[in-house]
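Give me a model of this one.
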Amino acid sequence: MLQFPACNEPELAAHTNVSDRPVADSALAAFLADYRRFFLETMATTGTPGAAIVIVRGDSVLWMEGFGVKQTGVPGSVDINTVFRIGSLSKGFTGVLAGILVQEGWIGWNERVRDCYPEFRLSDDAQAARIQLRHLLSHTTGLPYHAFTHLIERGYDTRKIVAGYFPHAPLSGREGEYYSYQNAAFSVTEEVMKAATMQTYQELVREKIFAPAGMKNASCDYLSMISCTNKCLPHFQTGAGFRADSISSLYYNSAAAGGVNASISDMGAWLTLLLGHKKKIVADSTLDKVFEPVTGTGAERSVLHHWVRRNDAYYALGWRVLKHDTDTIIYHGGYVNGFRGEIAFNRRDDVGICVLMNASTELGTISVTGFFDRWKYFLLPK
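Residues are numbered from 1 along each chain as shown. This next block holds a predicted model:
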């Protein structure tokens with residue numbers, strides 16, 4: 001196991017670092033030690049109360065560690081099993097889950113939504129009839145940006161939003177041709193999956209991904225989160241620093257878009273799957289399809305906008321695809337209820353990183369871009 005020296009700052013004291021196997025490569029060990037210092041410095045400068053990080057290469061965890069506190073002013077340190085809400089990182093689970101169901105023959109990528117969910121309507125009935133599963137997953141239904149996300153935040157369920165509001169929204173473009181990020185429309189995938197399998201999204205993601213991947217702390221509902229004894233509380237910025245708040249029930253009504261709860265140890269197992277090392281769960285060909293760019297995201301302002309040029313950012317099926325120099329990075333960010341998360345991986349280099357935080361700071365953005373910039377330098381011939 002790679003051992004790190006104790007952190008000097010008491011409030012950032014590290015809690016549990018894990019490596020699946022000894023790091024024999026001295027250059028890699030030096031790289032990880034340097035990156036850890038960078039991560040701690042960034043956590044301190046951004047004032048992030050609590051965070052957890054995992055770096056995976058191939059089928060091995062290179063480094064996994066928790067830092068800081070679960071709740072300011074209360075004893076209790078973040079460790080590798082502390083649960084966070086992960087927000088829109090949930091969309092990646094939905095894309096892969098859909099791929100698994102396609103792989104198993106339950107549904108098809110070109111499945112027409114209305115064949116599974118007859119109540120699905122848009123202001124243009126002909127367009128509604130043409131909408132397919134892949135349009136939901138790639139945000140290309142033609143609905144305007146974030147259509148009816150505010151209704152999710154009022155606690156409305158997907159069926160109520162679709163029936164009462166979708167038919168009244170003017171469309172911004174034709175399906176498959178117009179990209180516009182969604183939460184409510186993305187969550188219609190739950191209805192498609194349920195109609196095909198007679199199981200809820202929560203049941204499916206637990207059966208098809210969480211359990212077989214060994215994600216022991218992961219869940220997808222409000223009750224599981226509030227009853228968890230090892231969880232973070234969300235934090236919001238005030239004039240006096242970050243203040244802890246309560247866990248909200250919002251977005252569990254849109255679980256496919258933002259309802260997953262997970263620890264960093266869960267996310268390490270998830271990265272191993274995403275890098276193609278859990279083939280009994282999902283085939284490489286399925287992952288290829290899920291990560292294949294569908295549409296450019298154009299003028300959308302990404303959290304990595306300073307790192308990736310506008311024309312080099314795409315959306316696949318529940319995932320963003322970013323072209324950075326000669327690299328292709330599969331990525332997603334998430335924010336919900338004061339929590340923030342970032343996940344990114346390079347399939348060619350077989351390496352990935354995930355950072356979970358209990359406050360929305362720039363730690364996630366800086367740590368992800370900083371990792372890949374340093375990783376590229378590490379790989380250069382010396």
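
so how many other residues sit close to residue 291?
For residue 291, the neighbour count with other C-beta atoms under 10 Å is 23. All C-beta atoms are positioned from the backbone trio N, CA, C, and that covers glycine.

Same check on the one 3 residues further on?
By the measure other C-beta under 10 Å, the count of residues near residue 294 is 18.

Would you confirm that it contacts residue 140?
Yes - using C-beta atoms under 8 Å, residue 294 makes contact with residue 140 at a distance of 6.7 Å.

Mutual contacts of the two, please.
Residues touching both residue 294 and residue 140 (C-beta atoms under 8 Å, 6 or more residues apart in numbering) are residue 134.

thought residue 366 was touching residue 42?
Yes - between residue 366 and residue 42 there is a contact under C-beta under 8 Å: 5.1 Å.

For the one helix or strand residue 329 maps to, give me every contacting residue.
Assigned by DSSP states H and E, residue 329 belongs to strand 327-336. Outside strand 327-336, the residues within contact range by C-beta under 8 Å, 6+ apart are 85-92, 248, 250-251, 258, 274, 291, 302-304, 316, 318-323, 340-349, 360, 364-365, 368, 372, 376.

Just give the nearest non-adjacent residue to residue 174, would you?
residue 142 (5.8 Å; C-beta to C-beta, 6 or more residues apart in numbering).

any idea how far the one you found lies from residue 295?
12 Å (C-beta to C-beta, to the nearest Å).

who's more crowded, those two?
Between residue 142 and residue 295, residue 142 has the larger neighbour count (other C-beta under 10 Å), namely 27 against 17.

Assign a three-state SS to residue 356, would you?
Of the three states, residue 356 takes strand according to DSSP: H, G, I helix; E, B strand; the rest coil.

burial count for it?
Quick note: residue 356 (other C-beta under 10 Å) scores 31 neighbours.

Wait, it touches residue 266, no?
No - at 9.6 Å, residue 356 does not count as touching residue 266 under the criterion of C-beta under 8 Å.

After the helix-or-strand element of the chain with minimal mean pLDDT, heading C-terminal, what element do we hit next?
When the helices and strands of the chain are scored by mean pLDDT, DSSP states H and E, strand 14-18 comes last with a mean of 52. Scanning forward in sequence from strand 14-18 by DSSP H and E, the next helix or strand is helix 26-46.

after that following helix comes which helix or strand?
By DSSP H and E, the next helix or strand past helix 26-46 is strand 50-57.

next one: that following strand to chain centre, how far?
Relative to its chain's centre, strand 50-57 lies at 13 Å (C-alpha atoms, centre = their mean, to the nearest Å).

Name every strand pairing with the helix or strand following it and say which way it goes.
Sequence-wise, the next helix or strand downstream of strand 50-57 (DSSP H and E) is strand 60-68. Using DSSP bridges, the strands paired with strand 60-68 in its sheet are strand 14-18 (antiparallel), strand 50-57 (antiparallel).

coming back round to it: among the contacts of strand 327-336, which are in helices?
Counting by DSSP state H, the part of these found in helices is 90-92, 258, 274, 364-365, 368, 372, 376.

Need the buried ones from these selected in ChimeraX.
Listed next is the ChimeraX selection for buried residues among the ones in helices among the contacts of strand 327-336, using 16 or more other C-beta atoms under 10 Å:
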select :90,91,92,258,274,364,365,368,372
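
so where's the stretch 151-300 of the chain uncertain?
299 (pLDDT under 70).
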